[in-house]
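*Asks:* have a look at this prediction, sequence included:
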Amino acid sequence: MFFWVPNRSGPCEAQRCSICPYMMEAEKFSDTTGKTYNERNEVTCKSTNVVYSVHCERCKTFVYVGET
């Protein structure tokens, strides 16, 4: 039997990873204009060549964007 597992972002679940507690699990994300994108690959804390953003829950905005 075959089960389809969607691409997603999420923690790497390594025992000593300092990023895992802050990594959101998602199958899609949206930019500041509200446009929605599906994850194209599996993305974890250990992924490289990834553009990322930090979202402030209190002010509901992106406060930092960077890349690995």
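*Replies:* Ah, there it is. Small disclaimer: the values here were computed from a predicted structure and weren't measured. Residues are numbered from 1 along each chain as shown.
*Asks:* I'd like to know how many residues surround V63.
*Replies:* Residues contacting V63 under the criterion other CB atoms under 10 Å number 10. The way it works is simple: take the backbone N, C-alpha and C, and place the C-beta from them, glycine included.
*Asks:* just to check, it is in contact with V54?
*Replies:* Yes: applying CB atoms under 8 Å as the test, V63 and V54 come out as touching, 5.4 Å apart.
*Asks:* OK, contacts around H55?
*Replies:* H55 makes contact with 24, 61-63 under the criterion CB atoms under 8 Å, 6 or more residues apart in numbering.
*Asks:* now pLDDT too, for these, in TSV please.
*Replies:* Converted to TSV, the contacts of H55 look like this (pLDDT from 0 to 100):
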residue	pLDDT
M24	82
T61	77
F62	73
V63	74
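*Asks:* centroid-nearest residue for the chain?
*Replies:* The residue lying closest to the centre of the chain (CA atoms, centre = their mean) is S9, at 4.3 Å.
*Asks:* and that one, what's its pLDDT?
*Replies:* If you check S9, the pLDDT there is 85.
*Asks:* that one contacts E39, doesn't it?
*Replies:* Yes: between S9 and E39 there is a contact under CB under 8 Å: 5.8 Å.
*Asks:* list residues touching both of those two?
*Replies:* 26, 29.
*Asks:* please spell out which residues along stretch 15-26 are buried.
*Replies:* Within stretch 15-26, the residues scored as buried using 16 or more other CB atoms under 10 Å are M23.
*Asks:* show me where this structure has strands.
*Replies:* 28-30, 36-38, 51-56, 61-67 (DSSP state E).
*Asks:* circling back to that earlier point, quick one, what contacts the residue nearest to the residue nearest to the centre of the chain when sequence neighbours are not counted?
*Replies:* Spatially, and ignoring its direct neighbours in sequence, S9 is nearest to V43 (4.1 Å; CB to CB, 6 or more residues apart in numbering). Contact analysis of V43 by CB under 8 Å, 6+ apart lists 7-10, 50.
*Asks:* so can I have JSON lines of these showing distance to K28?
*Replies:* Below are the contacts of V43 laid out as JSON lines (distance: CB to CB, whole Å):
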{"residue": "N7", "distance to K28": "9"}
{"residue": "R8", "distance to K28": "9"}
{"residue": "S9", "distance to K28": "9"}
{"residue": "G10", "distance to K28": "13"}
{"residue": "V50", "distance to K28": "15"}
